[in-house]
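[1] okay, predicted coordinates and the sequence, questions at the end:
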Amino acid sequence: MPRLFSNRDRHFDLGVLPTELLPRAAVEPAAGVRQPDDAMPPGADSVLGALPEYRALFQAHLDGPVAPARAPVPDDLETRARNLKASAYFLECTLAGVCEIHPQDWLQPTSSPHSHAFVFLVEFSREPKPGEPGAEWIVGTHAERTDLRCAEVAAVMAGYIRALGWSARGHVAGHTDLDLAALAQRAGVAKAVDGVLAMPFSKRGFRVGVVTSDYAVAVDQPIAPDASLAWPDSDTYMGALGTRPGFEDDELARRPVHMGRYEMERIRRVDEPTTLLLRDEIRRVPKRADLFTRALAGDLGEKARIERTRFAVKHPLAFAMTPLIRALVPLQGTREPLQPTGLGGDLSDPQRNADAIKALAHVLGADLVGICKAEPWMYYSHDEVEGRPIGPYHRYAVVMLMDQGFETTAGDLRG
């Protein structure tokens, strides 16, 4: 949805909500508070069954080895905190804050050396209304899907701090040593309202992720007990600070989820690509022909073969993402035809099937989604390992675009 005000002058580490306007107070968290949950239970055809293997993958990277030497990070604790927040916002968290860990925050007695907690919230995405395409797959899965996203971010942020040379461990619901709701209150990203965590300036639910560490950073104060979480005035509601306007959710609610946030239906369409395609003359090439694979095979000389195995990851944040990316590759699927499972509901309507796929992709974070035929010339001819022929094995291709998002300027903190 279009915004009335630019966010170019807003420092990236401040995030998309104007939480700097909230009154703060040094108060202890309310006890027995729970995280927001789904308003409706999942249906028999929901996507919940597809999540556990990804959750297990991310949880395996919540802890790990620490770099043998510490990076030359700034001594200023505020700068350190701003860098962590900017990094989390780059990973599309909604809110982030920092607090010290108090003994009562641990669920069990511990000898952990971790003194600080980096706390972040990930907002629930929109979901289809009952009867809309994808509803039977998506409704009732908010908490599980968002906990999965929290686990991913926690793994990356913990890996980032470990790559800098400090001990760090990620924590998410169902896999934590701490009271996540207490830390969310202590770090000033949420407050307790009638026994449930609530975040400022948003009607959506959310889930909490935490990274604990011995990396000292400046801490935030809790939200004052009498602070209102509503928009303070019309200027902030309209997004005058370069923040997300209050009307954005209402605007998006007018569009079914499968249509996405961008009005792609206004783009003129044609039956064939405007680039000339001589399908009978397109020569399929083997995967072995790409330059990275050729270098690994020694086609470009011994030096290129050795250096190809030593792929350079130049930033510690990217270094933290790399193990997850590599571990995800084997989960990309199979070429073997699958027998019908009986899940998914009524799949007899091709248009509704397409819309449901688009709705699910948008809910999982895709910005644009399109579907086309997977024509034979789109496939490699042979695989790169054994040179086995690759026959076209799917009729359709779902193509997703993820926007890289807002990047910081040279004078700002980089995620």
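    Thanks, I have it.

[2] run a quick neighbour tally on the residue nearest to Lys287 when sequence neighbours are not counted.
    In space, not counting the residues next to it along the chain, Lys287 is nearest to Glu384; the distance is 3.9 Å by Cβ to Cβ, 6 or more residues apart in numbering. C-betas here are computed from N, CA, C, even on glycine. Other residues within reach of Glu384 by the criterion other Cβ atoms under 10 Å amount to 17.

[3] now swap in Ser125 and tell me
    Other residues within reach of Ser125 by the criterion other Cβ under 10 Å amount to 16.

[4] residues in contact with it?
    For Ser125, the set of contacting residues under the criterion of Cβ atoms under 8 Å, 6 or more residues apart in numbering consists of 142, 145-146, 362-365.

[5] can you say which of the residues you listed are buried?
    142, 145-146, 362-363 (16 or more other Cβ atoms under 10 Å).

[6] closest to Asp63 out of the residues you listed?
    Within the buried ones among the contacts of Ser125, distances to Asp63 taken as Cβ to Cβ reach their minimum at Thr146, with 21.3 Å.

[7] care to break this protein down by domain?
    The chain breaks down into these structural domains: 1-280+315-328+345-415, 285-313 (assignment by automatic domain parsing).

[8] comparing the ones you listed, which gets the lowest mean pLDDT score?
    Set side by side, the domains of the chain differ in mean pLDDT, and domain 285-313 is lowest with a mean of 87.

[9] between the two ends of that one, how far is it?
    Across domain 285-313, the straight-line distance between its terminal residues is 29 Å, by Cα to Cα, to the nearest Å.

[10] could you do stretch 29-39 as well?
    Termini of stretch 29-39 sit 25 Å apart (Cα to Cα).

[11] just stretch 100-120 next, same as before
    When the termini of stretch 100-120 are compared using Cα to Cα, they are 14 Å apart.

[12] what helix or strand is Gly97 on?
    Counting by DSSP states H and E, the secondary-structure element that holds Gly97 is strand 95-100.

[13] by contact count, what packs against that strand?
    For strand 95-100, the contact count by 3 or more Cβ pairs under 8 Å, 6 or more residues apart in numbering; DSSP states H and E identifies helix 77-90, strand 116-123, helix 180-186 as packing neighbours.

[14] and these as a markdown table, adding mean neighbour count?
    Rendered in a markdown table, the data for these read as follows (neighbours: other Cβ atoms under 10 Å):
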| stretch | mean neighbour count |
| --- | --- |
| helix 77-90 | 21 |
| strand 116-123 | 27 |
| helix 180-186 | 26 |
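
[15] kindly reformat the ones you listed as TSV containing distance to Phe292.
    Formatted as TSV, the entries for the helices and strands packed on strand 95-100 read as follows, by distance: least, Cβ to Cβ, whole Å:
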stretch	distance to Phe292
helix 77-90	26
strand 116-123	33
helix 180-186	41
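
[16] and Met259, which of those is closest to it?
    Distances from Met259 to each of these were compared using Cβ to Cβ; the minimum, 20.0 Å, belongs to strand 116-123.

[17] now stretch 33-42: buried residues?
    33, 35-36, 38, 42.

[18] coming back round to it: most tightly surrounded among the domains of the chain?
    Greatest average neighbour count among those goes to domain 1-280+315-328+345-415 (a mean of 17), per mean count of other Cβ atoms under 10 Å.

[19] element containing the spatially closest residue to Pro316 that is not a sequence neighbour, please.
    Counting by Cβ to Cβ, 6+ apart, Pro316 lies nearest to Ala163, which is 3.8 Å off, once chain neighbours are set aside. Per DSSP H and E, Ala163 falls inside helix 142-164.

[20] what sits against the closest residue to Gly174 other than its chain neighbours?
    Spatial nearest neighbour of Gly174, excluding adjacent residues (Cβ to Cβ, 6+ apart): Asp147 at 7.0 Å. By Cβ under 8 Å, 6+ apart, Asp147 lies in contact with 55, 172-174, 207.

[21] if we can go back for a sec, Serialize the buried ones among the contacts of Ser125 to JSON lines and add fields for distance to Glu127.
    Putting the buried ones among the contacts of Ser125 into JSON lines (distance: Cβ to Cβ, whole Å) gives the following:
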{"residue": "His142", "distance to Glu127": "7"}
{"residue": "Arg145", "distance to Glu127": "9"}
{"residue": "Thr146", "distance to Glu127": "11"}
{"residue": "His362", "distance to Glu127": "10"}
{"residue": "Val363", "distance to Glu127": "6"}
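
[22] and of those residues, the nearest to Ala117?
    Minimum separation from Ala117 among these (Cβ to Cβ) is found for Thr146, which lies at 19.0 Å.

[23] excluding its backbone neighbours, what's nearest that closest one?
    Beyond its immediate neighbours in the sequence, the residue positioned closest to Thr146 (Cβ to Cβ, 6+ apart) is Arg207, lying 4.1 Å away.

[24] what is the subsequent helix or strand relative to the helix holding Ala163?
    Note on helix 142-164: by DSSP H and E, the next helix or strand toward the C-terminus is strand 168-172.

[25] and the contacts of that next one?
    Defining contact as Cβ under 8 Å, 6+ apart, one finds that strand 168-172 is touched by 59, 61-63, 66, 114, 147, 150-151, 154-155, 157-162, 177-178, 180, 207-213, 215.

[26] regarding stretch 230-238, how distant is the last residue from the first?
    End-to-end distance for stretch 230-238, by Cα to Cα: 13 Å.

[27] no no, stretch 48-63
    Taking Cα to Cα, the first and last residues of stretch 48-63 lie 25 Å apart.

[28] what sits up against it?
    Surrounding stretch 48-63, the residues in contact under the criterion Cβ under 8 Å, 6+ apart are 42, 141, 144-145, 147-148, 151-152, 154-155, 158-159, 169-172, 175, 323-324, 327-328, 331, 343.

[29] re the thing from before, out of the helices and strands packed on strand 95-100, nearest to Glu375?
    Nearest to Glu375, of all the helices and strands packed on strand 95-100, is helix 77-90, at 36.3 Å by Cβ to Cβ.

[30] residues contacting the closest one, please?
    11-16, 73-74, 96-98, 118, 120, 153, 157, 160-161, 215-220, 317, 405, 408, 412-415.

[31] can you give me the helices for the stretch 201-350 of the chain?
    When secondary structure is read from DSSP state H, counting those that start in this stretch, the stretch 201-350 of the chain shows helices at 234-237, 248-252, 291-297, 302-309, 316-328, 350-363.
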